[in-house]
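[1] Fold the following, please.
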Amino acid sequence: MPGFLANQTRRRLFFALTLIAVLLALAVSWYVEWIIGLSAFLLLAGVVFQWLRSEKKAELALEEYIATLTYRVKKVGEDIVSDLPMGIILYDEERKLVWSNKYITELLAEEESIIGRHLVEMIPKLEAVLDQAELRGTFRFEDVTFAFIHEPEERKIHLFDQTEFQQLQVKYKQEQVVFIQVHVDNIDEVSQSLDEQRRALLLSEVTKMIDQWAKDVGIYLRRTSSDKFFGVLTEQTLKRLEEGRFDILDTVREKTSNNRVPITLSIGVGSGADDFVQNGQLAQSSLDIALGRGGDQAAVKRGTGKVTFYGGKSNAVEKRTRVRARVISHALKDLIKESDYVFVMGHKGPDMDSVGSALGVLKAVEVNEKQGFIVLDLSQPAPGITRLLEEIKQDEDIAKHFISPAKALELKTEESLLVMVDMHKPSLALESKLIDQIPRRVVIDHHRRGEEFIPDPLLVYIEPYASSTSELVTELLEYQSSRIQMHPLEATAMLAGIVVDTNHFAFRTGSRTFEAASYLRHHGADTGLIQKLLKEDKEQFVLRAKMVEDAELYRGNIAISVAEMSEKYGQVLIAQAADTLLKMNRVVASFVLSQRADGVVTISARSLGDLNVQVIMEKMGGGGHLTNAATQLEDTNVEEALEQVKSVIDEHIEGREEG
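    Residues are numbered from 1 along each chain as shown. Predicted coordinates for the structure are as follows:
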């Protein structure tokens, strides 16, 4: 085509130059002799006629060439569109197919014509695309994963086969590197009474079980110390472990159950991070959380920050040492001495344990000759500890150390220290602003550590094996000074915290619990005053009895009681009702639900240890211990909360049975 046009241009230029030359010659000859000029004119006319004739032929040839080329291009274009390795669909206002390329025809494998048929009838997944007017996305049709581009204004859909790419993505995710740390929780405690040979045999047996498990599931595992292992696996292997709910936990515990105390494992897993360093940090953090929750469980922490827990079926065994308590006590002493003010804060809805342990920390501050305050407004109502606060108000020396959260925010400085007792979650703090504004923080708690945690504390003392935070603080006080003098009310409040959290020494009570109680009794704790502080009104007793009477047995041995909507129950009362239900015959766990005056539904859960109420409450946004837990639900009612409790119980029991 370009050569054809170039020849035509050259021909026209040659003719124009020739015509000019002939005209000049004609003019000259006409001027000399008109006969010669006439002859030249006729010759010129003949030349022009021949030129016009050739031009006409050239135009016809050009038109024919263009027509042929257009046909060929159109045909090639239709063939290309029809044979594209992607689908093109055109539809009308009624969502019926008006045209599609060969790809769509072969995809649907229809023998009859598909023109005029409804799109959703042929490809049901397109209904969502059309209804929501999505412009881009993916869907699956039969065994093929499609990416689509939807152009609603043109009523056109492009489909691209993304199956191989999707499979590649899945394979990439499955082969992502995951780090795992396995810790044998109590090998030292269990083997203390064993001779070297039996200790070596026990350790060898446990190591063999762990190694065999690693080989069976596909983990590259190496022991880094006598009780620690480090391993590498893939996301696909991790998925299988999660589906099996880390059954190695049960295997080790059951096969060592002939010991006085079974061996348990704690497992930390880190996955989904951008690099190996972060995965390693996640694995270590997960292990710390698992240990902080009492061990005998696995914690899987992903790059998103989400933590998933497995196991935790056995009760926490008392295994903390006096050495650790002494080290923590000395570290706390140093932090107190480096501070100008020490603020002690518990959780929302203060109870005996949080106030008692706060008084204990305040005594440690006084022993180290620093100024301390307990963040709790004595003028505000506090159901459950009203009598204790009244006793405190009557003692000016103790009451002057209680300040409101607003006053604490005024007094705090850069050198201040914040000690949080009986809680480790910022959302449960009596005043979360203090956590944000006081960077020097200490956490002392006996609850199993959850996913939410106080950011960057200087010192953490979390012992889920302890009965209460008051017990932990009592041990810390023993190492603060040998000449410590406690006010009887302080010792009484701390002992009351232990009494309440152990339900009068019935649950979560170890030898150290009685040692702490003995220490407090020696320093003036008044058991008679404790009985006075824990007395309840007749109306409260009747309400609690009513909740016990209305309880139903779910799944044969789980007592569930729902407080009447006409009554508003405090947290202490429903906790007492849960404790009472647990004393009933055949009951292995109890749940009591009530709606507070502000509309929040509160749930108290208790267990004898056969059912892990902590895991159940965690799934509902709460937490606690294996035998003692609670949660609070907003934007719901009691009926919906009851259905949710039953659903989570079913899921937990059935999942445990499957595991």
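[2] So residue 540 sits against residue 573, correct?
    Yes - using Cβ atoms under 8 Å, residue 540 is in contact with residue 573, at 5.8 Å. Just so you know, the C-beta spots here come from the backbone N, C-alpha and C atoms, and that holds for glycine as well.
[3] So if I had to pick from these two, which one is more boxed in?
    A direct count of neighbours by other Cβ atoms under 10 Å for residue 540 and residue 573 places residue 573 higher, at 23 against 16.
[4] give the contact list for that one.
    Neighbouring residues of residue 573 by Cβ atoms under 8 Å, 6 or more residues apart in numbering: 383, 540, 543-544, 594.
[5] again, but for residue 485
    Contacts for residue 485 (Cβ under 8 Å, 6+ apart) come out as residue 523.
[6] quick one: secondary structure of it?
    coil (DSSP: H, G, I helix; E, B strand; the rest coil).
[7] Low-confidence ranges, the stretch 251-400 of the chain, go.
    Scanning the stretch 251-400 of the chain for pLDDT under 70 picks out the ranges 312-321.
[8] show me what contacts the residue nearest to residue 372 when sequence neighbours are not counted?
    Of all residues beyond its chain neighbours, the one nearest residue 372 is residue 365 (3.3 Å), with distances taken as Cβ to Cβ, 6 or more residues apart in numbering. Contacts here follow Cβ under 8 Å, 6+ apart; on that basis residue 365 touches 336, 342, 344, 371-372.
[9] before we move on, the earlier item: next, format the contacts of residue 573 as CSV and append distance to residue 263 and secondary structure.
    CSV is the format used below for these (distance: Cβ to Cβ, whole Å; DSSP: H, G, I helix; E, B strand; the rest coil):
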residue, distance to residue 263, secondary structure
383, 43, coil
540, 45, helix
543, 45, helix
544, 41, helix
594, 40, strand
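[10] Please name whichever of these scores lowest on pLDDT.
    Among those, residue 383 carries the lowest pLDDT, at 76.
[11] what about the nearest residue to that residue once chain neighbours are set aside, how many residues close to it?
    Nearest residue to residue 383, sequence neighbours excluded (Cβ to Cβ, 6+ apart): residue 570, at 4.0 Å. Neighbourhood size, residue 570 [other Cβ under 10 Å]: 19.
[12] So residue 570 versus residue 539, what's the distance?
    According to Cβ to Cβ, to the nearest Å, residue 570 stands 12 Å off from residue 539.
[13] Also residue 236?
    60 Å.
[14] returning to that earlier point: okay, the contacts of residue 573 in a markdown table with distance to residue 122 next?
    Compiled in a markdown table, the contacts of residue 573 are given as follows (distance: Cβ to Cβ, whole Å):
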| residue | distance to residue 122 |
| --- | --- |
| 383 | 65 |
| 540 | 68 |
| 543 | 64 |
| 544 | 64 |
| 594 | 55 |
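[15] and which of these is nearest residue 97?
    residue 594 (59.4 Å; Cβ to Cβ).
[16] in the sheet, who's paired with the closest one?
    residue 602 (DSSP bridges).
[17] Pull up the gap between it and residue 421, please.
    For residue 594, the distance to residue 421 - Cβ to Cβ - is 26 Å.
[18] Then residue 169?
    Between residue 169 and residue 421 the distance is 48 Å, computed by Cβ to Cβ.
[19] Give me the more crowded residue out of these two.
    residue 421 (30 against 12).
[20] Which among the contacts of residue 573 count as buried?
    Neighbour counting with 16 or more other Cβ atoms under 10 Å marks 540, 543-544, 594 as buried within the contacts of residue 573.
[21] Columns distance to residue 304 on top of the residues you listed, output as JSON lines?
    Shown next, in JSON lines, are the buried ones among the contacts of residue 573 (distance: Cβ to Cβ, whole Å):
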{"residue": "540", "distance to residue 304": "45"}
{"residue": "543", "distance to residue 304": "44"}
{"residue": "544", "distance to residue 304": "43"}
{"residue": "594", "distance to residue 304": "34"}
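[22] Relative to residue 502, which of the residues you listed is nearest.
    Among those, and counting by Cβ to Cβ, the member closest to residue 502 is residue 544, at 19.0 Å.
[23] Please list all residues in contact with the closest one.
    By Cβ under 8 Å, 6+ apart, the neighbours of residue 544 are 536, 573, 576-577, 580.
[24] Setting aside sequence neighbours, what's the nearest residue to it?
    Of all residues not flanking residue 544 in the chain, residue 577 sits nearest, at 4.9 Å (Cβ to Cβ, 6+ apart).
[25] Test my guess that that neighbour contacts residue 547.
    Yes - with contact defined as Cβ under 8 Å, residue 577 reaches residue 547; the gap is 4.3 Å.
[26] Now do the phi/psi pair for residue 437.
    In terms of degrees, to the nearest 10, the main-chain angles of residue 437 are phi -100, psi -10.
[27] Is it in contact with residue 408, as I believe?
    No - the criterion here is Cβ under 8 Å, and residue 437 misses it with residue 408 at 9.5 Å.
[28] Just want to know which of the two has more residues nearby.
    Between residue 437 and residue 408, counting by other Cβ under 10 Å, residue 408 is the more crowded of the two (25 against 14).
[29] How is the chain divided into domains?
    Here the domain assignment for the chain is 2-83, 87-166, 176-311, 322-533, 538-658, based on automatic domain parsing.
[30] which of these has the lowest average pLDDT?
    Sorting the domains of the chain by mean pLDDT places domain 2-83 lowest, at a mean of 62.
[31] how far away is the residue nearest to residue 372 from residue 340?
    Distance from residue 365 to residue 340, counting by Cβ to Cβ: 11 Å.
[32] hang on, the earlier thing: can you give me the neighbour number for the residue nearest to residue 544?
    As a measure of burial, residue 577 has 27 neighbours, counting by other Cβ under 10 Å.
[33] for the strand or helix carrying it, the distance to its chain's centre please.
    For residue 577, the host element (DSSP states H and E) is helix 571-582. The chain centre lies 31 Å from the centre of helix 571-582; the measure is Cα atoms, centre = their mean, to the nearest Å.
[34] Stretch 220-229 too?
    28 Å.
[35] same deal with stretch 180-195?
    Using Cα atoms, centre = their mean, the offset of stretch 180-195 from its chain centre is 31 Å.
[36] what's in contact with it?
    198-199, 202-203, 206, 210, 219, 221, 226-233, 256, 259-270, 283-284, 286-287, 290-291, 295-296, 317, 319.
[37] Mind picking the two most distant members of the contacts of residue 365?
    Using Cβ to Cβ, these reach their maximum pairwise distance at 344 and 371, which is 11.8 Å.
[38] More neighbours: the two, which one.
    residue 344 (30 against 12).
[39] I'd say the more buried one and residue 373 touch.
    Yes - in this structure, residue 344 is within contact of residue 373 by Cβ under 8 Å, at 7.1 Å.
[40] any common contacting residues for these two?
    Contact criterion Cβ under 8 Å, 6+ apart; residues shared by residue 344 and residue 373: residue 362.
[41] quick one on the thing from earlier: more neighbours: residue 236 and residue 539, which one.
    Remark: of residue 236 and residue 539, residue 236 carries more neighbours, 15 against 8, as counted by other Cβ under 10 Å.
[42] and that one, what is it in contact with?
    By Cβ under 8 Å, 6+ apart, the neighbours of residue 236 are 174-175.
[43] Would you mind listing the buried residues in the helix or strand hosting it?
    Counting by DSSP H and E, the secondary-structure element that holds residue 236 is helix 235-243. Buried residues in helix 235-243, defined by neighbour count with 16+ other Cβ under 10 Å: 235, 237-238, 241.
[44] Would you mind pulling up the elements that whichever helix or strand comes after it packs against?
    Note on helix 235-243: by DSSP H and E, the next helix or strand toward the C-terminus is helix 248-255. When contacts are defined as 3 or more Cβ pairs under 8 Å, 6 or more residues apart in numbering; DSSP states H and E, helix 248-255 sits against helix 196-217, strand 265-271, strand 307-311.
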